[in-house]
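Colleague: from the sequence below, what's the structure:
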Amino acid sequence: MSSLHLKKSNQCQTRLNNLTLKSARSRWKKTAIQQTSNNSQIEQSLRSIAPTLASLSQQGRWIVLIGAPKSQIRALLDQHGIAPNKVLLVHPKDQIDALWAMEQALMSGTSSAVLGWPGTIEQRDMKRLKIAAKHSSAVGFLFQQSQSGPSSLDNQLCQQLNLNNIKHSLH
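Modeller: Got it, this is the predicted structure:
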């Protein structure tokens with residue numbers, strides 16, 4: 001096989017991988033994941049984003065899990081083909097550290113996805129995360145346990161961050 005053929009083949013494969021990645025990310029572009037206060041629905045939501053995380057784990061960047069419950073981490077990694085060597089677990093000591101870690105992971109440029117479980121957060125903190133996500137190429141999800149009973153659409157389980165700013169090209 002000539003080197004020109006290999007080069008074209010590699011370029012084709014790279015473009016295909018970028019297109020697959022772009023497709024995986026755009027799946028979440030306009031979709032909101034709903035919130036609930038029980039763990040089985042959180043796990044169901046994680047299963048629905050797992051194929052995207054598996055695709056993203058094939059990149060050279062991290063999937064960052066911040067404050068994730070251990071039971072959900074094991075299920076997510078074991079059952080869905082997410083490359084464990086691309087997963088970075090962060091165990092913050094408190095909510096302030098969790099929010100700081102999420103903001104840093106979103107802005108770092110070294111993450112392909114950031115998933116956080118910081119608990120109930122203030123509106124100003126949500127705004128900071130949205131600003132960080134706006135300038136990020138990472139897909140971000142914020143999981144929050146509902147403090148009150150179910151409301152319309154079972155409340156928000158996770159709020160999507162930065163799904164409108166995908167910065168991949170097919171060059």
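Colleague: so residue 133: helix, strand or coil?
Modeller: Under DSSP: H, G, I helix; E, B strand; the rest coil, residue 133 falls in the helix class.
Colleague: for residue 124, same thing?
Modeller: In three-state terms, and counting by three-state DSSP, residue 124 is helix.
Colleague: beta partners for residue 111?
Modeller: Here residue 111 shows beta-bridge partners residue 62, assigned using DSSP bridges.
Colleague: neighbours of the residue lying closest to residue 87 once chain neighbours are set aside, how many?
Modeller: Leaving aside its chain neighbours, residue 87 sits nearest to residue 63 (5.1 Å; criterion: C-beta to C-beta, 6 or more residues apart in numbering). The C-beta positions use only the backbone N, C-alpha and C, and glycine is treated the same way. By other C-beta atoms under 10 Å, 27 other residues sit near residue 63.
Colleague: repeat that for residue 111.
Modeller: 25.
Colleague: ok, residue 144 next?
Modeller: Around residue 144 there are 20 residues (other C-beta under 10 Å).
Colleague: name the element residue 129 belongs to?
Modeller: Following DSSP states H and E, one finds residue 129 within helix 123-134.
Colleague: state the mean pLDDT of the very next helix or strand once past that helix.
Modeller: With elements assigned by DSSP H and E, the helix or strand that comes after helix 123-134 is strand 139-143. Mean pLDDT, strand 139-143: 83.
Colleague: tell me which residues in the helix holding residue 129 are buried?
Modeller: Buried residues in helix 123-134, counted by 16 or more other C-beta atoms under 10 Å: 125, 128, 129, 130, 132, 133.
Colleague: stretch 85-102 too?
Modeller: Residues 86, 87, 90, 92, 98, 99, 100, 101, 102 are the ones in stretch 85-102 that count as buried (16+ other C-beta under 10 Å).
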